[in-house]
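In: Only the shape, not the letters, is given here:
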């Protein structure tokens with residue numbers, strides 16, 4: 001019995017040691033789990049804090065945006081109010097301008113009607129005056145006939161003033177004019193073509209009829225001039241010639257006789273005319289009446 005009791009104690013002691021070892025393992029596992037739990041809780045808290053910070057930041061930004069939006073809305077309302085006020089003022093000003101313009105147009109219309117009435121009155125009075133003057137006009141017909149006779153007499157006097165000059169070629173003689181009035185008489189005779197001209201001293205020749213004339217010198221004290229005549233691609237210089245002198249030259253395929261007379265000499269300017277036969281070529285003129293140089 002003593003032996004059995006001793007064995008029992010040994011067996012009980014072994015069981016107790018095994019239980020202690022299991023408990024130690026369990027305690028260790030619990031400790032590890034506790035540590036893991038603490039770490040997990042810490043990580044969760046950290047993440048929660050980070051998330052909370054982000055939520056707060058986002059909330060702050062949203063509040064700023066909302067505030068800015070409210071400010072912009074308020075500004076927009078203010079601007080809309082100012083715009084509406086300006087439009088109202090402009091509308092009133094436009095109405096004033098339209099009213100003023102309408103009033104002005106009415107005044108102008110009234111003035112125009114008054115002027116038209118006055119013009120009609122004046123025209124009526126003038127018509128009555130014309131009727132009254134008809135008798136006077138009829139009475140003046142005899143006077144007009146008398147004036148015509150006077151003009152004919154003056155024309156005959158002008159014809160008498162025309163002189164005959166001997167040209168340079170074969171002693172040919174022609175009537176020449178010493179004034180524009182006498183030139184008009186020659187034109188009305190109709191036996192030649194006459195082109196009056198005024199030449200100024202220049203480097204560019206002037207086209208008269210179908211020839212070119214270039215004034216090279218004009219001496220009003222001596223009544224002399226020097227002129228260059230270009231015809232058929234040939235140039236002829238008439239040097240130190242006097243007023244009223246008949247200058248002649250032959251030109252054209254048919255060897256036609258052209259005549260030139262200068263009857264007035266001024267400083268750097270001469271006045272005269274060129275005469276050509278009736279069968280001479282007719283110059284081409286531009287829209288402004290100037291002679292066109294075909295070359």
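Out: Structure received. Everything numeric here is computed off the predicted structure, so don't read it as measured data. Numbers count the residues shown, from 1 in each chain.
In: what are the pairing partners of the longest strand along the chain, and which direction each?
Out: Counting residues, the longest strand in the chain under DSSP state E turns out to be strand 256-266. Paired neighbours of strand 256-266 in the sheet (DSSP bridges): strand 247-251 (antiparallel), strand 269-277 (antiparallel).
In: quick one: buried residues of the first one?
Out: So that's strand 247-251. For strand 247-251, a neighbour-count test (16 or more other CB atoms under 10 Å) marks 247, 248, 249, 251 as buried. All C-beta spots, glycine's among them, are computed from the backbone N, C-alpha and C.
In: Kindly report the same for the last one.
Out: In terms of neighbour count (16+ other CB under 10 Å), strand 269-277 has its buried residues at 270, 271, 272, 273, 274, 275, 276.
In: And the strands in the stretch 51-200 of the chain, which stretches?
Out: 163-166, 173-176, 192-200 (DSSP state E, counting those that start in this stretch).
In: returning to that earlier point: kindly reformat the strands paired with strand 256-266 as a markdown table containing mean pLDDT.
Out: Output for the strands paired with strand 256-266, formatted as a markdown table (pLDDT from 0 to 100):
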| stretch | mean pLDDT |
| --- | --- |
| strand 247-251 | 93 |
| strand 269-277 | 96 |
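In: For residue 223, which of the ones you listed is the nearest?
Out: strand 269-277 (10.0 Å; CB to CB).
In: Now the weakest link among the strands of the stretch 51-200 of the chain, please, by mean pLDDT.
Out: Among these, strand 163-166 carries the lowest mean pLDDT, at a mean of 78.
In: Please name every helix or strand in contact with it.
Out: strand 173-176 (3 or more CB pairs under 8 Å, 6 or more residues apart in numbering; DSSP states H and E).
In: The strand it packs on pairs with which strands, parallel or anti?
Out: In the sheet, strand 173-176 lines up with strand 163-166 (antiparallel) (DSSP bridges).
In: Of the strands of the stretch 51-200 of the chain, give the one that comes closest to residue 38.
Out: strand 192-200 (121.9 Å).
In: between the closest one and strand 269-277, how many degrees?
Out: Our comparison of strand 192-200 with strand 269-277, counting by axes from the mean of the first three to the mean of the last three CA atoms, to 10 degrees, yields an angle of 160 degrees.
In: Residues contacting strand 192-200, please?
Out: Here strand 192-200 makes contact (CB atoms under 8 Å, 6 or more residues apart in numbering) with 180, 183, 186-187, 206, 208-209, 213-215, 227, 259, 268-278, 280, 282-283.
In: mind listing what's buried in that strand?
Out: 192, 193, 194, 195, 196, 197, 199.
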